[in-house]
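Asks: A predicted structure for the sequence below; I have some questions about it.
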Amino acid sequence: MNIIDWFLDRFRLKTVHRGIFDRDIPEGISYFYCFGGIAFSAFLFCFISGLFLSLHYIPSEKEAYQSILRIQEEVPLGKLIRGIHKWSANVLIVSIIFHSIRVFVTKSYRPPRELNWVVGVLVFLIIMLEGFTGYLLPWDQKAYWATVVGTNIAGSIPFVGETILLIIRGNYEVSGVTLSRFYSFHVLWFPSIIILLLWAHFHMIKKLGISKPL
Amino acid sequence: MKKKFYPDYLIEILFFAILTFELILILTFIFPPLIGREIDLLVAYQPRPEWYYLWLFWLLRYFSADTVFIGGVLVPLSIVSFLILVPWIDKKIGWKFTALIAFTFLLIFLIATIIEAIS
């Protein structure tokens, strides 16, 4: 028994492994089908570079800006990791847009895959919110005022606006409380939700198969 | 010939994953990340959002302070509801009309983003 077989057996992964690797891929799949994979790769690059950034970033009112400066100037490869984080986020959003267009044009959202489409839209929504919360974290002039403007929109809703604004900002003004809140959303809440949704997304692809091209 | 996930499809996925990483690296080297000035509450500042929010920025120009929630909350929410309901809208009115609505949204998104980006 070689080491891979031993691992798969002890983990009881044999059937799962077969379900993933022995699947048939329908004929006539073109390169337009690659955007989902690109989006997932970009998500992983974002995730991994984010793990490294969080080693040096300090989410506090006094130190956030200084810690970003340190990442940028002093930390070895800090600037590179920050660049990878930023650009993989951009690639992620572009590839999700192309992926949605591909799915729409090939009508792959039709039954039995309509729930998978819904899950995909939710992932897109949360990725957009990741972009919004991540924008505040450098805690510079641009980040601060963009968040003031952005959260003001939520505050403009009649009747419930002020409550929602307080929930988002944690305070009447954008302050250190908002920073810790956005940091928590950006690195804990949203990534956990995305991972759950992506699991559902891939589970359904595995069970229902890739839709047959037209 | 029947394609299998392993090895035919997996190698293509890995190829594109590596290509994506190379693209990200190239973009990082050409456009390194910047850091703005420190927060100064006394200086008025016109913030600009990331490019994927520029369409909303453009839209909000047409709303006054009292109606800003229509452009900032109701419009995005209705777009999200439309997207979620696409499979059922398609069943009701057919693919062509759904595509027309979706294409209109996409066109407005692209035009608004370009207008905001060059202004």
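Replies: The structure has been received and is ready for your questions. Numbering: from 1, shown residues only, chains lettered A, B, ... in the order given.

Asks: which other helices and strands contact the least confident helix or strand in chain B by mean pLDDT?
Replies: The helix or strand of chain B with the lowest confidence, counting by mean pLDDT, DSSP states H and E, is strand B:3-4 at a mean of 82. Here strand B:3-4 is seen to pack against strand A:24-25 when contacts are counted using 3 or more CB pairs under 8 Å, 6 or more residues apart in numbering or on different chains; DSSP states H and E. Bear in mind the C-beta positions are built from the backbone N, C-alpha and C, glycine included.

Asks: any idea how far the lowest-mean-pLDDT helix or strand in chain A is from the chain center?
Replies: In chain A, no helix or strand scores lower on mean pLDDT, DSSP H and E than helix A:14-21, which sits at a mean of 77. Relative to its parent chain, helix A:14-21 has a centroid offset of 26 Å by CA atoms, centre = their mean, to the nearest Å.

Asks: does chain B sit close to it?
Replies: Yes. Residues of helix A:14-21 contacting chain B under CB under 8 Å from any CB of the partner chain: A:Ile20, A:Phe21.

Asks: check which residues of stretch A:137-156 are buried.
Replies: For stretch A:137-156, a neighbour-count test (16 or more other CB atoms under 10 Å in any protein chain shown) marks A:137-156 as buried.

Asks: restricting to C-alpha, output that stretch in PDB.
Replies: In PDB, the C-alpha atoms belonging to stretch A:137-156 read as follows (Å, rounded to 0.1, in the frame of the first residue of the first chain):
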ATOM      1  CA  LEU A 137      -8.200  48.800   5.900                       C
ATOM      2  CA  PRO A 138      -5.200  50.900   4.800                       C
ATOM      3  CA  TRP A 139      -6.800  53.700   6.900                       C
ATOM      4  CA  ASP A 140      -5.600  56.500   4.700                       C
ATOM      5  CA  GLN A 141      -7.400  59.600   3.500                       C
ATOM      6  CA  LYS A 142      -8.900  57.900   0.500                       C
ATOM      7  CA  ALA A 143     -10.100  54.900   2.400                       C
ATOM      8  CA  TYR A 144     -11.600  57.000   5.200                       C
ATOM      9  CA  TRP A 145     -13.700  59.300   3.000                       C
ATOM     10  CA  ALA A 146     -14.700  56.500   0.600                       C
ATOM     11  CA  THR A 147     -16.200  54.600   3.600                       C
ATOM     12  CA  VAL A 148     -17.900  57.800   4.900                       C
ATOM     13  CA  VAL A 149     -19.600  58.200   1.600                       C
ATOM     14  CA  GLY A 150     -20.400  54.500   1.100                       C
ATOM     15  CA  THR A 151     -21.900  54.000   4.500                       C
ATOM     16  CA  ASN A 152     -23.800  57.300   4.300                       C
ATOM     17  CA  ILE A 153     -25.800  55.700   1.400                       C
ATOM     18  CA  ALA A 154     -26.900  52.900   3.800                       C
ATOM     19  CA  GLY A 155     -27.800  55.600   6.400                       C
ATOM     20  CA  SER A 156     -30.100  57.400   3.900                       C
END
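
Asks: where does the prediction get shaky in chain B?
Replies: Applying pLDDT under 70 to chain B flags residues B:1.

Asks: filter the buried residues of stretch A:137-156 down to the ones near chain B?
Replies: Checking the buried residues of stretch A:137-156 against chain B (CB under 8 Å from any CB), the matches are A:138-146, A:148-150, A:152-154, A:156.
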